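> need a 3D model of the following:
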Amino acid sequence: MPRSSKLSALKRSLLKVPLPVVKPSLQDPRLTARIVIGLLLLANIAAALFAFRPWADSQASLETQLASLRKQQVQTKARIEQLKALVKKSEQARKEGDQFLAKYFIGRRTAASTLVGELTRMAKSSGIKPKEHSFAFEQVEGSDTMAMMTITANYEGSYADLVQYANKLDRSEYFFIVESLAASPQQGAQGLLNVGLKVNVFVRDDSGQPIKLASADQKAGQP
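As a prediction, the model looks like this:
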């Protein structure tokens, strides 16, 4: 048999022999590494797409967002200026309020001598004879700096003098609030009246001490 014929017969025999099929195994470390690298690459691509959103943020969209941010900045600046103006007005109002209180409301430490002295002065200038004076302090509800001083006074004088005295009380710079005013004729003294007066005055509590009610018979000038 020729040699070429033998080789051809051998090739045909080899082709008929079934070859084993080699399947990839997941236990192959190289294959596992490739899979992990692929997954990481996909995750990075997904994160980049989510962050930059090339499909959504077009040039027009970016310009719209920029215009909105600028509008918010202008509005915020305007609100800040309004708040500054309100703070300035509040400080000015507080300053003017303090000046008003200091001018028209005297302190508690000097209230007794000053206010009782003022009542006595006005009474004498009206022709009325002053007698006893007593006073008491009471805390004003809702205020930590103001107190109400109640002064009870007795006088002696004519009706005309009493009218003049009442007018002076009404025009006084200390804002005397007349709570009661009673007059009765004296026995055996024609034209003379016994006058009982009770007035309230608001004062500043500058003593730094809690306000305590004074006794009913506390006289002016006592601490």
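> okay, now Thr120: neighbour count?
16 (other CB atoms under 10 Å). C-beta coordinates here come from the backbone N, C-alpha and C atoms, glycine included.
> make sure it is indeed in a helix.
Yes: assessed with DSSP: H, G, I helix; E, B strand; the rest coil, Thr120 lies in a helix.
> next one: it relative to Met146, how far apart?
25 Å (CB to CB, to the nearest Å).
> nearest spatial neighbour of Ile151, skipping sequence neighbours?
With sequence-adjacent residues excluded and distances taken as CB to CB, 6 or more residues apart in numbering, Ile151 is closest to Phe135, at 4.7 Å.
> so what does the one you found look like in phi/psi?
phi -150, psi 160 (degrees, to the nearest 10).
> in three-state terms, label Gly38 for me.
helix.
> now the top helix by length along the chain: how far from the chain's centre is it?
Criterion DSSP state H: the longest helix present in the chain is helix 59-104. How far helix 59-104 lies from its chain's middle: 15 Å, per CA atoms, centre = their mean, to the nearest Å.
> for stretch 126-143, same thing?
With CA atoms, centre = their mean, you get 36 Å for stretch 126-143.
> same check on stretch 36-46?
That offset, for stretch 36-46, works out to 54 Å (CA atoms, centre = their mean).
> repeat for stretch 168-179
Worked out by CA atoms, centre = their mean, stretch 168-179 lies 35 Å from the chain centre.
> show me where this structure has its helices.
So, for the chain - with DSSP H - the helices run 3-16, 29-52, 59-104, 108-125, 159-171.
> so which of the ones you listed is the most surrounded?
Neighbour counts (mean count of other CB atoms under 10 Å) averaged over each of these peak at helix 108-125, with a mean of 18.
> contacts for that one?
Surrounding helix 108-125, the residues in contact under the criterion CB atoms under 8 Å, 6 or more residues apart in numbering are 106, 129-130, 133, 135, 137, 147, 149, 151, 153, 155, 157, 165, 168-169, 172, 174, 176, 197, 199, 201, 203-207, 211, 220-222.
> buried residues, stretch 172-184. List them.
Within stretch 172-184, the residues that qualify as buried are Tyr174, Phe176, counting by 16 or more other CB atoms under 10 Å.
> so what's the residue count around the residue nearest to Tyr159 when sequence neighbours are not counted?
Excluding the flanking residues, the one nearest Tyr159 by CB to CB, 6+ apart is Leu193, at 6.3 Å. Using other CB under 10 Å, Leu193 is surrounded by 19 other residues.
> next: Ile151.
By other CB under 10 Å, neighbour count at Ile151 equals 22.
> how much space separates it from Glu179?
Taken as CB to CB, the span from Ile151 to Glu179 is 10 Å.
> anything in contact with each of those two?
The contact lists of Ile151 and Glu179 share Lys198, Val199, Asn200, where a contact means CB under 8 Å, 6+ apart.
> which residues touch Gly107?
Val203, Arg204, Asp205, Asp206, Ser207.
> Val195: neighbouring residues, count only.
Counted with other CB under 10 Å, Val195 comes out at 24.
> that one contacts Thr152, doesn't it?
No: with contacts counted by CB atoms under 8 Å, Val195 stays clear of Thr152, the gap being 11.7 Å.
> what residues does the nearest residue to Val199 once chain neighbours are set aside make contact with?
In space, and not counting its chain neighbours, Val199 is closest to Phe176: 4.6 Å by CB to CB, 6+ apart. Neighbour list for Phe176: Leu119, Leu169, Val199, Asn200, Val201 [criterion: CB under 8 Å, 6+ apart].
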